[in-house]
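A.B. asks: Any chance you can model this:
(chains A and B)
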Protein chains: 2
Amino acid sequence: MRVAGKEMRTIWPSPDRRAVLAIDQRALPGRLEIARLEGVEAVAHAIRDMLVRGAPLIGVAAAYGLALAAARDPSDAALDAARALLGATRPTAVNLRWALDRVGAALANVPPVRRAEAAFAEADAIAEDDVRMCRQIGEHALPLLRARKGEGPLRVMTHCNAGWLATVDWGTALAPVYLLHRAGVEVHVWVSETRPRNQGHLTAWELAGEGVPHTLIVDNAAGHLIARGEVDAVIVGSDRTTAAGDVANKVGTYLKALAARAHGVPFYVALPSSSIDFRVTRGAEIPIEQRDGREVGAGVGVAVQNPAFDVTPAHLVSALITERGVCAASAEGLAALFGRAA
Amino acid sequence: MRVAGKEMRTIWPSPDRRAVLAIDQRALPGRLEIARLEGVEAVAHAIRDMLVRGAPLIGVAAAYGLALAAARDPSDAALDAARALLGATRPTAVNLRWALDRVGAALANVPPVRRAEAAFAEADAIAEDDVRMCRQIGEHALPLLRARKGEGPLRVMTHCNAGWLATVDWGTALAPVYLLHRAGVEVHVWVSETRPRNQGHLTAWELAGEGVPHTLIVDNAAGHLIARGEVDAVIVGSDRTTAAGDVANKVGTYLKALAARAHGVPFYVALPSSSIDFRVTRGAEIPIEQRDGREVGAGVGVAVQNPAFDVTPAHLVSALITERGVCAASAEGLAALFGRAA
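C.D. replies: Numbering: from 1, shown residues only, chains lettered A, B, ... in the order given. Next comes the predicted model:
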């Protein structure tokens, strides 16, 4: 999407395939810096330290990380070690494992000497698929959001950053917002700052780049705005959604879902199918990453608990919006869309 | 309560009655600074700028501010101007107006030459009443909280700061916590940081002073902890409660109430009767202060909306805990306790 009028993506391989280049999201919204990641260790560190973040993007980054590993040492042992390293970076987003499995499958019958090339080709394909899927998610979400528009601008609330910075391009939850805006439909986004890491500032930054009107709020203000009738729809992304439609997403999502339900505001979850974990049914089974308490910024000696995600139960989700289409957040809904049982 | 082992209050008049001394809460938790407020303008500024904060405390501060005004110029015109100045500082907490009315009533038949003395006497009485009422609130809350205790520590969640820093001493929501702790009952407090002004850090600071175990969390984490069964009771204060039991309190309170209800966790509101506005029934009628967007700390040019309070509807409140006792959050409950109709 656009940054200061110029089209960009979040991640791409260097022309010589010796490195992966990515926007350093830790420096945003203050500075646009491009990081050059020259090996699998650098990619793993970038995922863990949230230089790249967002479930779809960390999947793509991990795929490129495995390709870099294959370029250095294509032996089975080296690739197994690289997969283990990348797979252990962050526990909640299932896209990470999905992308590693996909690259792994692509290398299954490839001799070592061809593995680097095959891994890069698969990583490129995962990145291109991500762009296409995000755009499709946006298109499937359009009629749902349009239906909520009253006389003024369509007032969308989101949480965290599920925009293009969380993917390769377009985003998940924000893809329909960009499509609406480009189609000339008036839209306004309530952006929650998303403590403790303030990814809302990333969302504000990317909305500004595309010229989409938006207002920043503290996470605490979501209930007030929804109760006062200031929100037409809530739409968020997901780090992992179960086969029954329970949604793990950035901590605080669940509180917005409760408020939306209390006031009859639809609560949509936009996600690529790579975020669905068909092996898990109950949201309570999803591992919730506990991050360093220093992210919260307490004084010395103050105990902190810092869960990075929470689970919104399926019954609070108005619909799941995927690249295949829209379905109910339920085992039946997902089975109908994806043709597989939970 | 205790600060580094020494007993303190939040506010007191100087011995010569030429000033009011108060803990500067803007400097906490980093530094303990005592501000000397030498006139009504200084007190009004202290309230507006949140040097003093918390509904009960700003009532007491306003009463002392009016006394300082009377000491300088006890004419009706000067006192009317002082009341107008103080009354306009913050719109949501009703204690402010209550305290000004109470001092005004105490001066009704007092000749100008005696007004300063009478106003200080009434302000002192309001401060002493506040201490007594907070302690009574704590005592009335005790059995409700004790009933929730399981095998481990009683796990209490609060929001913002409704501790002794929000009052003259003891606090409202935290009064029972201090009583339990002093009685040797194991208690642990989940402290929400309370964006945008981070009053949770004040709560952590005062709990540390009393030696009460506590853990700081981001506001977003409340739903996750409640859903995972980590919270036995939620207890908060109130800036204004209507005659029907709707509760205005720090923004974000409503989200905690929704989560508590969703998981069968009691949600208690602790408040002195001076926080009840019997002239208002519907929470939607309570004016919600919109504070400067710069409090949120957005980048240059980013639009911000910053409501300071939200309204929790009575049906989500398990009980109101006042100095008179406990009642249902309803017109009937309040009428039974206070003997007046809505």
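A.B. asks: Please make it C-alpha for all contacts and neighbour counts, starting now.
C.D. replies: Fine.
A.B. asks: Mind giving me the packing neighbours of the longest helix along chain A?
C.D. replies: Among the segments of chain A that qualify as a helix by DSSP state H, the longest is helix A:112-146. Helices and strands touching helix A:112-146, as assessed by 3 or more Cα pairs under 8 Å, 6 or more residues apart in numbering or on different chains; DSSP states H and E, comprise helix A:55-72, helix A:95-106, helix A:175-182, strand A:319-322, strand A:325-327.
A.B. asks: and the angle for that helix with helix A:175-182?
C.D. replies: If you take axes from the mean of the first three to the mean of the last three Cα atoms, to 10 degrees, helix A:112-146 sits at 60 degrees to helix A:175-182.
A.B. asks: what is the mean pLDDT for helix A:112-146?
C.D. replies: The predicted model assigns helix A:112-146 a mean pLDDT of 98.
A.B. asks: List the strands paired with the helix or strand just after that helix, with their directions.
C.D. replies: Moving toward the C-terminus from helix A:112-146, the first helix or strand encountered (DSSP states H and E) is strand A:154-158. When sheet partners are counted by DSSP bridges, strand A:154-158 sits next to strand A:187-192 (parallel), strand A:233-236 (parallel).
A.B. asks: want to try JSON lines for those, with mean neighbour count and mean pLDDT as columns?
C.D. replies: Supplementary listing: the strands paired with strand A:154-158 in JSON lines, determined by neighbours: other Cα atoms under 10 Å in any protein chain shown; pLDDT from 0 to 100:
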{"stretch": "strand A:187-192", "mean neighbour count": "24", "mean pLDDT": "98"}
{"stretch": "strand A:233-236", "mean neighbour count": "26", "mean pLDDT": "98"}
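A.B. asks: how about TSV for the ones you listed, with distance to B:Pro29 added?
C.D. replies: Listed next are these as TSV, based on distance: least, Cα to Cα, whole Å:
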stretch	distance to B:Pro29
strand A:187-192	26
strand A:233-236	35
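A.B. asks: Those: which one's closest to B:Leu165?
C.D. replies: Ranking the strands paired with strand A:154-158 by distance to B:Leu165, with Cα to Cα as the measure, places strand A:187-192 first at 28.3 Å.
A.B. asks: which element follows the closest one toward the C-terminus?
C.D. replies: helix A:199-210.
A.B. asks: quick one: that next one to chain centroid distance?
C.D. replies: Helix A:199-210 has its C-alpha centroid displaced from the chain centroid by 14 Å (Cα atoms, centre = their mean, to the nearest Å).
A.B. asks: Not counting it itself, show me its contacts.
C.D. replies: A:1-5, A:25, A:28-29, A:159-165, A:178, A:191-194, A:213-216, B:298, B:302 (Cα atoms under 8 Å, 6 or more residues apart in numbering or on different chains).
A.B. asks: Show the average pLDDT along it.
C.D. replies: 97.
A.B. asks: Between helix A:175-182 and it, find me the angle.
C.D. replies: Relative orientation of helix A:199-210 and helix A:175-182, computed by the same axes, to 10 degrees: 30 degrees.
A.B. asks: And the next helix or strand past helix A:199-210?
C.D. replies: Heading C-terminal from helix A:199-210, the first helix or strand you meet, by DSSP H and E, is strand A:214-217.
A.B. asks: Report all helices and strands that that next one contacts.
C.D. replies: Going by 3+ Cα pairs under 8 Å, 6+ apart, strand A:214-217 lies up against strand A:187-192, helix A:199-210.
A.B. asks: End to end on stretch A:184-195, go ahead and measure it.
C.D. replies: Using Cα to Cα, to the nearest Å, one end of stretch A:184-195 lies 32 Å from the other.
A.B. asks: Distance from it to the middle of the chain?
C.D. replies: Here the centre of stretch A:184-195 is set off from its chain's centre by 17 Å, with Cα atoms, centre = their mean.
A.B. asks: which residues touch it?
C.D. replies: Residues from elsewhere that reach stretch A:184-195, judged by Cα under 8 Å, 6+ apart: A:152-160, A:177, A:180-181, A:199-201, A:203-204, A:212-219, A:222, A:252, A:296, B:218-220.
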